[in-house]
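Engineer: Return atomic coordinates for the entry below.
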Amino acid sequence: METTTGFDWALLLPFLGASLAAGMTGWMFKPGDWYESLAKPDWRPKNWMFPVAWTTIYILSSLAAARVAAIAGSGQALAFWSLQIALNTLWTPTFFGARRMGLSVIVMGGLCVAVLGMLWTFWALDGWAFVMILPYAGWLSLAAPLNWRIWRDNRGTETLPEGG
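Structural biologist: Predicted structure coming up:
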């Protein structure tokens, strides 16, 4: 496992920018009445926990990616980071915007694979970057089953949003 000797703060900005874009989908596609009307398991986190968790995840994953980006041979690790942020950005409009819960389960599955790939490749490059991704993996271990459970318990409610 290789480690970086310094931190280039300029490398952080593009990763934070991509994370901000992903996070903005939560502002653009709010859960609203449709989501509140869905059957949800009682082990679901409280609504206020989601923005706290995702803000933390976005900051930590951006810091981790900036650490890894400064290391020679980080191409595969950064490809996994790029894939996870793309799928992360896609999930919210798929679930809340298009109300395609089944499709969102597929997106979530891809996101989980991308984050596992990111963990694996970050571990090979920088131990601290790996540690910074662990909360993301932990959150997905809750979010993925929640996504599946909401889809399973609400089949037939995948209606188009108002005006759509």
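
Engineer: Just the pLDDT at the residue positioned nearest the centre of the chain, thanks.
Structural biologist: With distances taken as C-alpha atoms, centre = their mean, N88 lies nearest the centre of the chain, 4.2 Å away. pLDDT for N88: 98.

Engineer: Neighbours of the closest residue to L78 other than its chain neighbours, how many?
Structural biologist: Closest residue to L78 apart from its sequence neighbours, by C-beta to C-beta, 6 or more residues apart in numbering: A69 at 6.1 Å. Using the backbone N, CA and C atoms, a C-beta is placed for each residue, glycine as well. Using other C-beta atoms under 10 Å, A69 has 20 other residues around it.

Engineer: just L111 next, same as before
Structural biologist: L111: 24 neighbours (other C-beta under 10 Å).

Engineer: tell me which element the closest residue to it other than its chain neighbours falls in.
Structural biologist: Using C-beta to C-beta, 6+ apart and skipping residues adjacent in sequence, the residue nearest L111 is L87, 4.2 Å away. If you go by DSSP states H and E, L87 is part of helix 75-92.

Engineer: from the chain's centre, how far out does that helix sit?
Structural biologist: From the chain centre to the centre of helix 75-92 is a distance of 8 Å (C-alpha atoms, centre = their mean, to the nearest Å).

Engineer: And it, what does it pack against?
Structural biologist: helix 9-28, helix 49-69, helix 101-125 (3 or more C-beta pairs under 8 Å, 6 or more residues apart in numbering; DSSP states H and E).
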